[in-house]
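# pasting a predicted model and its sequence here:
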Amino acid sequence: MDRSKLKNMLVNIVAVVLLLGVLYSTVAFLIIPVSKFMWVMLIGSAKDGYQQFIAFVETVMHWDMAFYLLLGLSIYLVPTIIAFKKKHPSRRSIFFTNLFFGWSVIGWVLAMIWCYSTAESRRI
């Protein structure tokens, strides 16, 4: 057998052994502990998940709170609704402006003015 072939075979064997070692280390020291941790967290959260769900439902699902939430959300999104109804060319930008800056009164007013602007008024 030629020495270069023997050398190539040894290099390949060493590479495979190193690759198997890395895979074993990854499984043994990373995947198994993380999966154990996630399993423990899943079991721990499932124990009191029912009580947390009931508390969530009692807090959020009151009819008066839901009504005020929908009313506030619809008022908050008025510029976006108008822009989509009018098929404004910048309706996505108006939506993101309204979403991220609408909490400030200035951002909401700017989105409202922008949704009523037209292409002809911007050419002047």
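Good, I have the coordinates.

# can you list the residue ranges for strands in this protein?
Listed in chain order, the chain contains no strands at all (DSSP state E).

# how is it divided into domains?
Residue ranges of the domains in the chain are recorded as 3-57, 62-123, according to automatic domain parsing.

# least confident of those domains, on average?
Averaged per stretch, pLDDT over the domains of the chain is lowest on domain 3-57, reaching a mean of 76.

# sorry, back to before: pick the most buried one from the domains of the chain.
Greatest average neighbour count among those goes to domain 62-123 (a mean of 14), per mean count of other Cβ atoms under 10 Å. Where C-beta positions appear, they are placed from N, C-alpha and C, glycine not excepted.

# quick one: distance of that domain to the chain centre.
Here domain 62-123 is found 22 Å from its chain centre; the criterion is Cα atoms, centre = their mean, to the nearest Å.

# got the CA coordinates for stretch 111-118 in CSV?
Once non-C-alpha atoms are left out, stretch 111-118 reads as follows in CSV (Å, rounded to 0.1, in the frame of the first residue of the first chain):
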residue,chain,number,x,y,z
ALA,A,111,-50.8,59.5,11.0
MET,A,112,-54.3,61.0,10.8
ILE,A,113,-53.1,63.9,8.6
TRP,A,114,-51.1,61.6,6.4
CYS,A,115,-54.0,59.2,5.8
TYR,A,116,-56.1,62.2,4.4
SER,A,117,-53.2,63.4,2.2
THR,A,118,-53.4,62.6,-1.5
